[in-house]
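>>> Have a look at this prediction, sequence included:
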Amino acid sequence: SRKVAGSPIAGLAASLIVASFPGHHKMLWWGAYPNLLGLALIPVALLALLESQMGNLRYLCLAIILGALLLTAHHLTFIVYLAILIIATLASMVARDKKSLKANILTLAAILALFMSYWYVAGLAYILQNPATLEPGAFAVESMFWLVESPLLLCLAVVAAIAGLAQLFFWRRFKEFTLTLGWLTVSLLLTQVYYFGISIDSERFLFSIVIPLSILTSVPLPHIRHCVKISKVIEENPIYEVVIQLEKALPVMLVLIVLLMTPIQ
């Protein structure tokens, strides 16, 4: 989050939301430790991918190594990472960013090779037809509310995330914009694989939306320094003039409310 928003304040805010998110506590309760390990590795892998797009070979190797660790942590979190890589590669093609495209293609090729050599032999049938999920089930909106435990908190976080996306776009941070939006989008789209008759615990993909949603929600928070402008008007009787910039204050207020609500759910 600090890398995406360019501010340590945003990083701290996103960390608080992720650490106190009620869905993660539920995962601890039922012992979903491989999922949590995968969710912890994805943002670090994507951070390495962002740095590799600047032409840094060391970070390119790190993105591939972390992808390999994701493969051994949990297959669903790995699939999310693979889908994000595909979107990042397509986006760099559209943008004609040769340096980013090279890094994305190399990482994607390595990850696909790992996937085919490991899961195709060991567990592709398990991925497509999970014996624990005999019938493919439709994704329900209630699952989102169950994950967050508060419809109000979910709505506020979504609105703040939209504001964060808009700010990234206007700041021309297109790489960060693409990765976070792609991360959020593929996590939601993968819950719909039941349309293809794939028996998989697709609702578990919902847990992958938490970190990108938290990152985007925290993006407006650094504007807290610029919400209020105080100036001194010098006349016969000097007075102080206070100007509140609503276009910056409202998103910041949303983020603060989310920060306060998340730990108490």
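Sure, I can see it. Numbering: from 1, shown residues only.

>>> for the helix of greatest length in the chain, packing partners?
The longest helix of the chain (DSSP state H) is helix 98-122. On a contact count with 3 or more C-beta pairs under 8 Å, 6 or more residues apart in numbering; DSSP states H and E, helix 98-122 meets helix 33-52, helix 57-73, helix 75-95. To be clear about C-beta, it is placed using only N, CA and C from the backbone, and glycine gets the same treatment.

>>> Is the residue positioned nearest the centre of the chain in a helix, a strand, or coil?
For the chain, the residue nearest the mean C-alpha position is Pro212 (1.7 Å; C-alpha atoms, centre = their mean). On the three-state scheme (DSSP: H, G, I helix; E, B strand; the rest coil), Pro212 is labelled helix.

>>> Next, the contact list for it, please.
Residues near Pro212 by C-beta atoms under 8 Å, 6 or more residues apart in numbering: 180-181, 183-184, 187.

>>> mind checking how far it is from Leu46?
Remark: distance between Pro212 and Leu46 (C-beta to C-beta, to the nearest Å) = 9 Å.

>>> anything in contact with each of the two?
Jointly contacting Pro212 and Leu46 under the rule C-beta under 8 Å, 6+ apart are Trp183.

>>> Taking their axis directions, the longest helix of the chain and helix 33-52 sit at what angle?
150 degrees (axes from the mean of the first three to the mean of the last three C-alpha atoms, to 10 degrees).

>>> how far is helix 98-122 from where the chain is centred?
Distance of helix 98-122 from its chain centroid, counting by C-alpha atoms, centre = their mean, to the nearest Å, is 21 Å.

>>> buried sites along that helix?
Within helix 98-122, the residues scored as buried using 16 or more other C-beta atoms under 10 Å are 100-101, 103-104, 106-108, 110-111, 114-115, 118-119.

>>> Could you list the low-pLDDT ranges of the stretch 1-150 of the chain?
119-142 (pLDDT under 70).

>>> 90 instead, please
Within the stretch 1-150 of the chain, the stretches with pLDDT under 90 are 1-10, 17-40, 50-57, 67-80, 82-83, 88, 91-104, 107-108, 110-150.

>>> The closest residue to Ile42 other than its chain neighbours - how many residues pack around it?
Nearest non-adjacent residue to Ile42, counting by C-beta to C-beta, 6 or more residues apart in numbering: Tyr81, 5.6 Å away. Using other C-beta atoms under 10 Å, Tyr81 is surrounded by 25 other residues.

>>> what's the answer for the one 10 residues further on, then?
The criterion is other C-beta under 10 Å. On that basis, Ala91 has 20 neighbouring residues.
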